[in-house]
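# turn this into a model:
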Amino acid sequence: MEDYLKTAQKFLRQYVSLPDKDLEWWVKLRSPQQILKSHATFLYCEISFYILAFLTFVHAMQNGGRYKWLWIATILHGLTVECVSYFVPDIDNFWHAQSMIMLLGQRLPLHIIFVYPAFIYTACVAVSHMNLRWWAEPFAVGLSVVLFDIPFDIMGIKLLWWTWHDDDPNIFDRHYWVPWTSYYFHATFASSFTFIFMGVRALFCTHVPKFQSAGFFCELVCAIITGLFSMPLGVIQFIPVYHPLHDSLGIHSEVCVLMLITVYAMIVWSADRYPFETARAYNAIGSSLEIVLGVVMHYGFYVYLVMFSKPEKTRSLGFHQPVGPCGKNVPVQTPFGQVLNKTKYLCMDTFFEDYFDFKCVKKLPESGKEWYTICGTPFPNHMEYIVVVSSFCVVGLYWYWQLLLRSGPLPKSRSARKHPKAE
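Numbers count the residues shown, from 1 in each chain. So this is what the prediction gives:
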């Protein structure tokens, strides 16, 4: 693998006419041996998302039609979300660990782009088997993505796959050190993505069945619009619930998330009470075999991690919140015009992040440093983590089993067969 990386670096320098410093801002390669030595679970995570992306890609290519454009749209959406997150100061509040392939100034691991098809494509395909009314399908996708995300979020932060800003008010309320707003984000962004992808074609294209392509140029426009505007529409969903309750009334983010999830669940349940006839037909596994394999692999991976990983042996060298003087605040703007505050620097005397410390390093990072090593900490209650993560994995497996194997057939993508009329 080391030889392959050296060859890739040599190729990039030879054929890309950029100075080495500029080239490394765009693409920076890291030896997998280095990651395996100090941060093995992150290497496993990276490989797992390459596999999940490959499985979803194979499913999209085999089924053709809009499935291919759905996969492409998830990639465009992921690029939009990640780029905005690093370069808008009010949102820039997390730092990924360093993977084998890093992009954009070593802020973006390549495999994080593939989180979006792994999560959203999987959820969209699974929910499509339910044959829900159009107004309920986006919310079912949002719920499905959250169920896919929970074990990833809980184990990811504990194993230092990324770190969060210490006291940003938008991520201060935590659930096993996962910001509650992370679940809100996954639900609203996935539902917005589905709403735009499924709905915008009616404005530009001729009417064809749901997953049948309406032509290259029309589908390309729809994919680009979905990729660019799913994030803004997802952010808008924070306005009616999260910002007035959390920012204005001081209500805990947990309450806001549970309210949102409840509303989503009620909408889906209301639609599913009066299903179309094809929503209850038994579905053979072959139509979405790649998706089934991906779901099983995903949840099995996190059951393995929670049982056998040793977070206290983790060492993460990379970008983190800059270290600096205590008490220096920067403003955080809210949609209602309020100005909240967060500290600009990680204060070494007062920071409170139980999932990492500096016990494994001989010297603390100096003031002004944002590239340094942090150390993992043991599970505070390993059995509790096992129960919590494994329970969410079981619930997720059951949910996707019902969607993929106990619902209707996968919508056709090539034939123009007559479909039941939707409301």
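
# where does F301 land in three-state SS?
helix (DSSP: H, G, I helix; E, B strand; the rest coil).

# quick check: closest non-adjacent residue to it.
Distance criterion CB to CB, 6 or more residues apart in numbering; nearest residue to F301, sequence neighbours excluded, is S48 at 5.5 Å. No exception for glycine: its C-beta is placed from N, CA and C like everyone else's.

# now for the helix or strand where that neighbour lies, which elements pack on it?
Element membership of S48 [criterion: DSSP states H and E] is helix 40-63. Helices and strands touching helix 40-63, by 3 or more CB pairs under 8 Å, 6 or more residues apart in numbering; DSSP states H and E, are helix 32-38, helix 66-87, helix 110-113, helix 122-128, helix 289-308.

# 7 Å instead?
Contact here means 3 or more CB pairs under 7 Å, 6 or more residues apart in numbering; DSSP states H and E; on that basis helix 40-63 packs against helix 32-38, helix 66-87, helix 110-113, helix 289-308.

# give me the distance from the second one to the chain's centre.
Going by CA atoms, centre = their mean, to the nearest Å, the spacing between the C-alpha centre of helix 66-87 and its chain's C-alpha centre is 11 Å.

# contacts for that helix, please.
Helix 66-87 has contacts (CB atoms under 7 Å, 6 or more residues apart in numbering) with 56-57, 59-61, 91-92, 104, 107-108, 112-113, 115-117, 120-121, 124, 189, 193, 197, 211-213, 219, 222-224, 226-228, 230-231, 413.

# what residues of that helix count as buried?
Using 16 or more other CB atoms under 10 Å as the test for burial, helix 66-87 gives 66-82.

# show me the residues around W95 that make contact.
By CB under 7 Å, 6+ apart, the contact list for W95 reads W162, T163, G318, F319, H320, Q321.

# buried ones only from the contacts of helix 66-87, please, as a PyMOL command.
Filtering the contacts of helix 66-87 down to the buried ones (16+ other CB under 10 Å) takes a single PyMOL command:
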select buried, resi 56+57+59+60+104+107+108+112+113+115+116+117+120+121+124+189+193+197+211+212+213+219+222+223+226+227+230+231+413
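
# so which of the contacts of helix 66-87 are in helices?
56-57, 59-61, 112-113, 115-116, 124, 189, 193, 197, 219, 222-224, 226-228, 230-231 (DSSP state H).

# quick one: the strands in this structure, in order.
Using DSSP state E, the strands of the chain run over 27-29, 94-96, 101-103, 108-109, 162-164, 174-175, 178-179, 315-319, 329-333, 339-343, 356-357, 371-376.

# mind giving me the domain ranges of this protein?
What the record gives for the chain is the domain set 1-30, 39-308+385-405, from automatic domain parsing.

# nearest to D354, of the ones you listed?
Nearest to D354, of all those, is domain 39-308+385-405, at 6.7 Å by CB to CB.

# kindly check the end-to-end length of the closest one for me.
Using CA to CA, to the nearest Å, the end-to-end distance of domain 39-308+385-405 comes out at 36 Å.

# any idea how far that domain is from the chain center?
That offset, for domain 39-308+385-405, works out to 6 Å (CA atoms, centre = their mean).

# same question for it, mean pLDDT?
Domain 39-308+385-405 carries an average pLDDT of 94.

# apart from its chain neighbours, what residue comes closest to T350?
Counting by CB to CB, 6+ apart, T350 lies nearest to C326, which is 6.0 Å off, once chain neighbours are set aside.

# my guess is that neighbour contacts C347. True?
Yes. The pair C326 / C347 is scored as a contact, 3.7 Å apart, by CB atoms under 7 Å.

# of these two, which one has the most company?
C347 (18 against 12; other CB atoms under 10 Å).

# correct me, but that one touches K328?
No. Between C347 and K328 there is no contact under CB under 7 Å: 8.9 Å.

# tell me what V27 is bridged to.
V27 has the following beta-bridge partners by DSSP bridges: L103.

# distance of it from A202?
Relative to A202, V27 is positioned 39 Å away (CB to CB, to the nearest Å).

# picking that back up, contacting residues around the residue nearest to T350?
C347, D349, T350.

# would CSV of these with distance to S99 and pLDDT be doable?
Output for the contacts of C326, formatted as CSV (distance: CB to CB, whole Å; pLDDT from 0 to 100):
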residue, distance to S99, pLDDT
C347, 28, 92
D349, 31, 85
T350, 31, 85
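
# lovely, talk soon.
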